[in-house]
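Participant: pasting the structure only:
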């Protein structure tokens, strides 16, 4: 009974870290999506140089653990005097921006591959139909390619969203007080790691549960043609 009351009290304290967790995840996902879109277009380019650069970037970043990437940015960049004297240093010396940069770079490589796969899944017949209607290339992307690619990529991107929510927990290792950072501080005060991290796990589960249901709802709305016919329609 005492453990239950303690966990509830810890949940209340951990809730203070939810805004920072969501902010890190949402900002990194947004920036990573923009960078990933550029990577996907480079990977599908007719020119060899952009394809090679996109392939190299994706392979290197996906092969590097997020923790290693975060430590390289947070602890490694400050070793370069030229960077310390640059206009970027006021940002890069702060743990928040270092964590955001690491999360953005990490998710951009996976998002780029997800978008590339979505673009490749667009049926050739749909492209030919758009060209037959006289659509320009920008209009073809806006009306046919991107909507179809997003529908195909959404399930995989949902997994990436959950990975980023969990990845924000590494921000605690560079002194950020998000959910895991607050949990670590509580553990150092109470010496009750089991109950504290059970509470943190409950909180992460709740966040990801809500997000996955939201993504499933969005997927359901975007794929109206794949829904089973209702009884009224039959």
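Facilitator: Received, thanks. Please read these numbers as outputs of a predicted model, since none were measured by experiment.

Participant: which residues of the protein fall in helices?
Facilitator: Per DSSP state H, the chain has helices spanning 2-14, 18-43, 48-63, 66-71, 81-84, 89-92, 95-120, 124-132, 137-140, 146-167, 179-190, 193-222. These are given in chain order.

Participant: deepest of those helices, which one?
Facilitator: Among the helices of the chain, judged by mean count of other Cβ atoms under 10 Å, the one packed with the most neighbours on average is helix 95-120 (a mean of 22). Yep, even glycine has a C-beta here, placed from its N, CA and C like the rest.

Participant: And the nearest residue to residue 160 once chain neighbours are set aside, how far from residue 198?
Facilitator: With Cβ to Cβ, 6 or more residues apart in numbering as the measure, residue 110 is the residue that lies nearest to residue 160, at 5.3 Å, once sequence neighbours are left out. Computed with Cβ to Cβ, to the nearest Å, the distance linking residue 110 and residue 198 is 29 Å.

Participant: Residue 215 is in contact with residue 158, isn't it?
Facilitator: Yes: using Cβ atoms under 8 Å, residue 215 makes contact with residue 158 at a distance of 4.1 Å.

Participant: Next up, phi/psi of residue 175, please.
Facilitator: Dihedral angles of residue 175 (phi, psi; degrees, to the nearest 10) stand at phi 80, psi 10.

Participant: how close does the nearest residue to it once chain neighbours are set aside get to residue 212?
Facilitator: Computed as Cβ to Cβ, 6+ apart, the closest residue to residue 175 that is not its neighbour in sequence is residue 95, at 5.0 Å. Here the criterion is Cβ to Cβ. By it, residue 95 lies 29 Å from residue 212.

Participant: Residue 197 against residue 183, yeah?
Facilitator: Yes: with contacts counted by Cβ under 8 Å, residue 197 reaches residue 183, the gap being 6.1 Å.

Participant: which residues of the chain score low on pLDDT?
Facilitator: For the chain, residues meeting the criterion pLDDT under 70 lie at 1-2, 224-234.

Participant: Could you give the backbone dihedrals for residue 64?
Facilitator: According to degrees, to the nearest 10, the main-chain angles of residue 64 amount to phi -100, psi 120.

Participant: where's it relative to residue 13, distance?
Facilitator: For residue 64, the distance to residue 13 under the criterion Cβ to Cβ works out to 33 Å.

Participant: The residue nearest to residue 175 is in contact with residue 173, isn't it?
Facilitator: No: counting by Cβ under 8 Å, no contact exists between residue 95 and residue 173, whose distance comes to 9.3 Å.

Participant: So for these two, which residues contact both of them?
Facilitator: Taking Cβ atoms under 8 Å, 6 or more residues apart in numbering as the contact rule, residue 95 and residue 173 have no neighbour in common.
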